[in-house]
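>>> Just to be clear, the model below is a prediction. Sequence and coordinates:
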Amino acid sequence: MQTLNWIDWVVLSLTLLTIVGYGTWKTRGRKSVHDYVKGGNTTKWWTIGLSVMATQASAITFLSTTGQAFSDGMGFVQFYFGLPIAMVIICLVFIPLYHRLKVYTAYVFLENRFDLKTRSLTAILFLIQRGLAAGITIFAPAIILSVVLGWDIILLNIIIGVLVIIYTVSGGTKAVTVTQKQQMFVIFFGMLVALFVILNLIPEEVSFTKALDIAGASGKMEILDFSFDLENRYTVWSGLIGGTFLALAYFGTDQSQVQRYLSGKSMKEMQMGLLFNGLLKVPMQFFILLVGVMVFVFYQFNQAPLNFIDSSTQKVLASEYSQQYQELEQKQSILFNRKKELSLELSKSENEDLRKDLYYLDSIEKSNRLQSKYLIKRAIDTTYAITYDKLNSELNALTVGSASYNEKKDELNAWYKESAKDTQTNDRDYMFITFILKYLPKGLIGLLLAVILSAAMSSTASEINALATITSIDLYGRNIKKEKDENHMVKASKVFTLIWGILAIIIACFANLAENLIQLVNIIGSIFYGNVLGIFLLAFFFKFIKANAVFIAAIITQVIVIVGWWFDWMPYLWLNLFGCILVILIAVIIQLTQKTHVETN
Amino acid sequence: MSENKLHKQPWLKLYSIILIANAIYIILFYLIMQAF
């Protein structure tokens, strides 16, 4: 367990408190609903761009993405290829309509086009998925920091949540935007310094291009995958097609993003802000992944632990599997020395055989890491161990090479790999923070922790700001309390911001770590986004579709998508496209059937 | 309602720049992948 030096505490506390204090002070005073919800329409394009980026970049982005690069390489960047295309479509279609109708939320448009129940349904779908996501946005860094630094997770959830609540309740949208500008500055500065320090920690004889060469030899520079395999989560095609739909739904219909650009000074400023995001997002993600890959290269010369979750390692070492685990550590140690020699050799000379050897050794390391997860899982979960042993003995009773033998072998292998999915074995999200705490100098640790917490705060602020706006404008203001004055609505928005902030903290306190945090947020998004996007596309492009058809289609689609996700019909990214097409198809069928029915009668 | 209708929007030069930049990113990544 690590403890922070006082310098780190000073850097961390000063950075966070300055941002919170400045955001609260800068946006103090009385406000109208227009000021509170749309920031008085005074935001410039570059602030919108930074705000949109800060909303998307949560702490998960920095902890998980770097970990993903460390274990799987740079391929995750493909996920963002559709984003610039979506930005252009939103500038062409969504923004002009939102601007002309002078809407406070994206869903106001749906009432104009369809009816109140469709607006309320999409608002409720948003509240469900974004409310859960807000909790995870706080929980993700809190669980990791609590495990690594020994901080109390409940206290950490409360601190992050309360800091966000202070300025978001007080200043509304304007406070969110003002603070996000500073948070993005801290994030960019911190990550740049981190990359510079990592490069300095790599042996002098290994230049930057040689470091990339070493990463490439271990398969970490396989950035693009042009295969059409649906089983591959990240390919160029899933990024361009699925990614476009996801980004279209997220930036075009998710209020946490829509509210950022609705605060723009003019339509032009809103469009420029989104295009700024479209231009910078892909290189930014590439840069974060590159930091992860450079940490991988660093660990080719400095031995990494078999598992980055120290508490899990302690558990397996205290169990009956201690001997096996220590033997595995020794094997890994020998492997590390061999890999180090080869990496140094590769940095001196170009040799294809060396690259092949490194690739082969890296595959052994991957298998060692999986075995470490298997041993930890056995140590912490007796049911898992019993099931594994049962499957193993069943396999041994079968004739080698027979069909049933092969089937059982596959089942056993799948169960073996299942061990990597446990919250206590899956250490991907712990890699970067462990590296920061162990190898970065004093002061910089505080700065990088500020980066992680700033990212968590900026996303959470946008989320609870949007959740409160939807609750007060689309549900409370429209359905329950009609014709209330400005003061009442501002007060109501503040109360809803406070309530959603508290709810986010409560969800964070009850959340459980999923297979991978960044994926969990994307999975939740993919389940709801396709349907909501489909409703918006029906509104924009299918003039003959009426309200009832859309409403029924949306409910049927949501049920089918949830069933599809539960039974794993397809990789989750494709659920966006599936949900979107499904709601359009069902709505068209219902509309045509109704038309025929009316005509027949 | 006429205000809900999509009016034809001008294609800005910036849209082309963003899409071309995206294509350039993909080509650059391809070249980086080939080099390393």
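Received, thanks. Numbers count the residues shown, from 1 in each chain, chains lettered A, B, ... in the order given.
>>> Please identify the buried residues of the stretch of helix or strand residue A:367 belongs to?
According to DSSP states H and E, residue A:367 maps onto helix A:352-380. By neighbour count on 16 or more other CB atoms under 10 Å in any protein chain shown, the buried set for helix A:352-380 is A:354-355, A:357-358, A:361-362, A:365, A:368-369, A:371-380. (Glycine included, C-beta is placed from N, CA and C.)
>>> Could I get the contacting residues of residue A:484?
Residues in contact with residue A:484, defined by CB atoms under 8 Å, 6 or more residues apart in numbering or on different chains, are A:477, A:492.
>>> Which strand or helix spans it?
For residue A:484, there is no enclosing helix or strand under DSSP H and E.
>>> what separates the helix or strand hosting residue A:342 from the chain centre, distance-wise?
Element membership of residue A:342, judged by DSSP H and E, is helix A:322-348. Its chain's C-alpha centre and that of helix A:322-348 lie 32 Å apart, by CA atoms, centre = their mean, to the nearest Å.
>>> rewinding a little: per-residue confidence averaged over the helix holding residue A:367?
When pLDDT is averaged along helix A:352-380, the result is 91.
>>> Could you see whether chain B lies near it?
No. Helix A:352-380 does not reach chain B (CB under 8 Å from any CB of the partner chain); its nearest approach is 9.8 Å.
>>> helices and strands around that helix, which ones?
helix A:208-217, helix A:310-317, helix A:322-348, helix A:382-396, helix A:403-418 (3 or more CB pairs under 8 Å, 6 or more residues apart in numbering or on different chains; DSSP states H and E).
>>> Against residue A:221, how distant is the residue of chain B found nearest chain A?
For chain B and chain A, the shortest gap (CB to the nearest CB) falls at residue B:36, measuring 3.1 Å. Computed as CB to CB, to the nearest Å, the residue B:36 to residue A:221 distance reads 4 Å.
>>> ok, now residue A:245?
Counting by CB to CB, the gap from residue A:245 to residue A:221 is 28 Å.
>>> Which residue of the two possesses the greater neighbour count?
The residue with more neighbours, out of residue A:245 and residue A:221, is residue A:245; 27 against 22, by other CB atoms under 10 Å in any protein chain shown.
>>> re earlier: wait, which of the helices and strands packed on helix A:352-380 is closest to residue B:11?
Nearest to residue B:11 among those is helix A:208-217; the distance by CB to CB comes to 38.0 Å.
>>> Give me the angle between the closest one and helix A:322-348.
Put simply, helix A:208-217 runs at 130 degrees to helix A:322-348, going by axes from the mean of the first three to the mean of the last three CA atoms, to 10 degrees.
>>> name the helices or strands packed onto helix A:208-217?
In terms of contacts (3+ CB pairs under 8 Å, 6+ apart), helix A:208-217 is packed against helix A:267-298, helix A:322-348, helix A:352-380, helix B:13-35.
>>> list the buried ones in the last one?
By neighbour count on 16+ other CB under 10 Å, the buried set for helix B:13-35 is B:14, B:15, B:18, B:21, B:22, B:25, B:26, B:29, B:32, B:33.
>>> overlap between those residues and the residues near chain A?
Okay, of the buried residues of helix B:13-35 touching chain A (CB under 8 Å from any CB), that's B:14, B:15, B:18, B:21, B:22, B:25, B:26, B:29, B:32, B:33.
>>> Can I get those in a markdown table including pLDDT?
Shown next, in a markdown table, are these (pLDDT from 0 to 100):
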| residue | pLDDT |
| --- | --- |
| B:14 | 92 |
| B:15 | 94 |
| B:18 | 94 |
| B:21 | 96 |
| B:22 | 95 |
| B:25 | 95 |
| B:26 | 95 |
| B:29 | 94 |
| B:32 | 92 |
| B:33 | 91 |
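>>> Closest one of those residues to residue A:327?
Checking those against residue A:327 by CB to CB gives residue B:33 as the nearest, at 37.0 Å.
>>> So that closest one sits against residue A:221, correct?
Yes. The pair residue B:33 and residue A:221 passes the contact test of CB atoms under 8 Å, sitting 5.8 Å apart.
>>> list residues touching both of those two?
Counting by CB under 8 Å, 6+ apart, residue B:33 and residue A:221 have no common neighbour.
>>> Flag every residue of chain A that's near chain B.
Neighbours of chain B within chain A, by CB under 8 Å from any CB: A:74, A:77, A:81, A:84-85, A:87-88, A:91-93, A:96-97, A:100-101, A:109, A:112-113, A:212-213, A:215-216, A:221-224, A:236, A:271-272, A:275, A:278-279, A:282-283, A:286, A:539-541.
>>> Give the next helix or strand downstream of the helix or strand where residue A:433 lies.
If you go by DSSP H and E, residue A:433 is part of helix A:431-439. The C-terminal neighbour of helix A:431-439 among helices and strands, as given by DSSP H and E, is helix A:444-469.
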